[in-house]
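J.: one predicted model, sequence on top.
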Amino acid sequence: MLKYFQNKYALSEKGAKDLFHAIIWTIIMDISFMAPVILGFKFLDEYMGELLNSSSATQRTISYYAVMSLAFFVVMLVIGLFQYNSAYTKIYEESAKRRISLAETLRRLPLAFFGKKDIADLSATIMDDATQIEMLFSHSVPQIYAAAVTVFIMGVMMFFYNWQLSIAVFWVVPVAAFIFILTKSLQKNMHAKLYDIKRDISEKIQEGLDSAHEIKAYNREESFSNALNTQLDTLEKFMIKGELLIGAFINLSYVFLKLGLPSVILYGAYLLTQGEIGIFTYLVFLIVTARIYNPIMEAMENFALLLFLNVRINRMKEMDKMPRQDGRDKFNPKNYDIEFKNVDFSYQDGKQILNNVSFTARQGDVTALVGPSGGGKSTIAKLAARFWDIDKGAITLGGEEISQIDPETLLQYYSIVFQDVTLFNSSIQDNIRLGKKDATDEEVIRAAKLAQCHEFVNKLPQGYETLIGENGEKLSGGERQRISIARAILKDAPIILLDEATASLDAENESKIQSALGELVRNKTVVIIAHRMRTVLGADKIVVIKDGVIAEIGTPLELKEKQGLFSTMLKTQYQNS
Ligand SMILES: Nc1ncnc2c1ncn2[C@@H]1O[C@H](COP(=O)(O)OP(=O)(O)OP(=O)(O)O)[C@@H](O)[C@H]1O
């Protein structure tokens, strides 16, 4: 049973146990709620009997039942507390664990995953789905199981009490359940589709927020909001259609359930007139019948919600299956040479991007990756830092395969300066300090000076304390890039991965960044994605990548003399400059 809960609802072992306890306590609570009715009848039975017999015990009977009622009240209160604790407190604890485990899954996903995968989808799974699941587990799941067991127990008791009237009470249940089950696959499909539509809408909104500048700059506001409105219209129409269709079926099954009470009234009256049952039995059945359908209806409503839960749980299971990156925490490479050995690689879409790539980037050398756009240069740089795991071959650092090293441990040895600099909405000082969180103010300023930041920072109103806005929006492109270089200088990692994207900068900014880079790369293993031939000519080794394979490899001089792709690129760039 526990294993079943674990698999079906993606729970931890403890979570499955807690759910089981919650169900048991809800059953006890449901049954205890029937107790006042039974007690009431017992009282009426005795009291009326005593009244009719003019017995003197009436007063004692009232006191006895008053004490019993009080005792039941206390017992129900205690049961209620246990039920609340098991169904709510424990389930919220499980939910907190679930969120942490999802976050842990995210932490273990390949870093590059976050570049492509929609963040809206991931955050929806962690926050929204986890909240919905939490609600359903505390409010619905225990109630469904408990209702089924409670109604079964009550049914058996009633059957033994009077089987003929019990048939009048329960004949409607299988009919209503049958109609309800007919809608199950309809509801399942509807929930899955609804979930997809909602996800698309949140992705669209996220996209709008991310590219608000571009949308404005290219005057796309109208077409963007039209597209969003169309999606919202689809959602509305789909929800109305689904509600009408499913609502019709569900109401039909409720109507059938309600037929139970008239059945008992009529059939009971018949049995009464035939003298087969007494008035007391008739009344007991009438009152119990009036109550017994409520848990069944509640269970049906909850069951409908549960179908929605499946969609969300499947989404979580999907996330659990994503490729995780694990590895050793302990790593002391004997040197910082990075070696690619016959590496094949494809992204998740399966299209092969790199084919049999082999080269070594030696410690103390600058290794430049050059080649036509889309050839695979950035992919190689990202693979060198284990942003993704490769399909074939090996990538080693200091002779050890990086696929065996925990990514967080590995990244301690890297400073990465890519084109798309990410800055945080805090002070310049904090943004630089990201490179080394315990750096002193002096160290931060030293790195800023080396990265040619000090001058522009001093001109800002609050200097290093100046808040730079979302992703550094208050800074120029060159300034943002120099801050990211300062960060890398502060980190002082032995390996530098650098996307030298300075082509679009003005001459002054470019030369400033050049001198900052010169400082950064001194005596390190440097892999640079080079766009300008000036940098390339100073490199120790050039690797020319075209269509995912190494077209040429050698020193600048060797490649110039070879008169191949590199020499053509060199000439083209000189002609254009
Ligand atoms: N996350 C990704 N998922 C799927 N394909 C990708 C992903 N990133 C890159 N690609 C594809 O891999 C190929 C190589 O891309 P990459 O960015 O490595 O090339 P590049 O040589 O650095 O190009 P550029 O000089 O234009 O930056 C391209 O065809 C690109 O479309």
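T.: Nice, I can see it.
J.: now do the domain split for this protein, please.
T.: 2-320, 338-576 (automatic domain parsing).
J.: run a quick neighbour tally on Ala269.
T.: Residues lying near Ala269 (other C-beta atoms under 10 Å) number 12. Quick note: C-beta positions are derived from backbone N, CA and C, even for glycine.
J.: quick revisit: could you say which of the domains of the chain is packed most deeply?
T.: Compared across the domains of the chain, domain 338-576 shows the largest average neighbour count, a mean of 18 (mean count of other C-beta atoms under 10 Å).
J.: next, see if that one gets close to the ligand.
T.: Yes: interface with the ligand: domain 338-576 contributes Tyr347, Asp349, Ile353, Ser373, Gly374, Gly375, Gly376, Lys377, Ser378, Thr379 (C-beta under 6 Å from any ligand atom).
J.: before we move on, the earlier item: tabulate the domains of the chain (TSV), appending distance to Lys330 and mean pLDDT.
T.: Output for those, formatted as TSV (distance: least, C-beta to C-beta, whole Å; pLDDT from 0 to 100):
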stretch	distance to Lys330	mean pLDDT
domain 2-320	18	82
domain 338-576	8	84
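J.: of those domains, which is nearest Asn332?
T.: Nearest to Asn332, of all these, is domain 338-576, at 8.3 Å by C-beta to C-beta.
J.: roughly how far is that closest one from the heart of the chain?
T.: Centroid separation between domain 338-576 and its chain, computed with C-alpha atoms, centre = their mean, to the nearest Å, is 31 Å.
J.: looking at the residues of domain 338-576 next to the ligand, which are in strands?
T.: Ile353 (DSSP state E).
J.: and the residues of domain 338-576 next to the ligand, which is closest to Val172?
T.: Val172 lies nearest to Asp349 out of the residues of domain 338-576 next to the ligand, by C-beta to C-beta, at 53.6 Å.
J.: now the helices for the stretch 401-550 of the chain?
T.: Secondary structure of the stretch 401-550 of the chain, counting by DSSP state H, counting those that start in this stretch: helices at 407-411, 428-433, 441-450, 454-459, 477-491, 507-521, 533-537.
J.: would you tell me which of these gets closest to Val366?
T.: The nearest among these, by C-beta to C-beta, is helix 507-521 at 6.3 Å.
J.: what residues are up against Phe72?
T.: When contacts are counted by C-beta atoms under 8 Å, 6 or more residues apart in numbering, Phe72 touches Ser32, Ala35, Pro36, Leu39.
J.: can you lay out these as JSON lines showing distance to the ligand and secondary structure?
T.: Formatted as JSON lines, the contacts of Phe72 follow (distance: C-beta to the nearest ligand atom, whole Å; DSSP: H, G, I helix; E, B strand; the rest coil):
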{"residue": "Ser32", "distance to the ligand": "58", "secondary structure": "helix"}
{"residue": "Ala35", "distance to the ligand": "62", "secondary structure": "helix"}
{"residue": "Pro36", "distance to the ligand": "64", "secondary structure": "helix"}
{"residue": "Leu39", "distance to the ligand": "68", "secondary structure": "helix"}
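J.: quick one: the strands in the stretch 201-350 of the chain?
T.: Listed from the start of the chain, the stretch 201-350 of the chain has strands (DSSP state E, counting those that start in this stretch) covering 338-346.
J.: for the residue in it that the ligand sits nearest to, grab phi and psi.
T.: Of all residues in the stretch 201-350 of the chain, Tyr347 sits closest to the ligand, at 3.4 Å by C-beta to the nearest ligand atom. Dihedral angles of Tyr347 (phi, psi; degrees, to the nearest 10) stand at phi -70, psi -180.
J.: distance check, it against Ile390.
T.: Distance, Tyr347 to Ile390, using C-beta to C-beta, to the nearest Å: 11 Å.
J.: again, but for Thr568
T.: Using C-beta to C-beta, Thr568 is found at 30 Å from Ile390.
J.: with Ala447 instead?
T.: Per C-beta to C-beta, Ala447 is found 33 Å from Ile390.
J.: can you show me the helices along the stretch 1-150 of the chain?
T.: With DSSP H, counting those that start in this stretch as the criterion, the stretch 1-150 of the chain has helices spanning 2-9, 13-52, 58-84, 90-108, 113-116, 119-123, 130-139, 141-161.
J.: and the fourth one with helix 13-52, angle?
T.: Spelled out, that is helix 90-108. Put simply, helix 90-108 runs at 160 degrees to helix 13-52, going by axes from the mean of the first three to the mean of the last three C-alpha atoms, to 10 degrees.
J.: Met319 and Glu104 touch, don't they?
T.: No: counting by C-beta atoms under 8 Å, Met319 stays clear of Glu104, with 10.9 Å between them.
J.: pretty sure Gly393 sits in a strand.
T.: Yes: checked against DSSP: H, G, I helix; E, B strand; the rest coil, Gly393 lies within a strand.
J.: and it, what does it touch?
T.: So Gly393 contacts Phe340, Lys341, Asn342, Val343, Asp344, Asn356, Val357, Ser358 (C-beta under 8 Å, 6+ apart).
J.: between those, which is nearest Glu465?
T.: Distances from Glu465 to the contacts of Gly393, taken by C-beta to C-beta, are shortest for Phe340, at 43.4 Å.
J.: beta partners for the closest one?
T.: Beta bridges link Phe340 to Phe359, Ile395 when assigned by DSSP bridges.
J.: could you verify my assumption that it touches Phe359?
T.: Yes: Phe340 lies in contact with Phe359 (C-beta under 8 Å); the separation is 5.5 Å.
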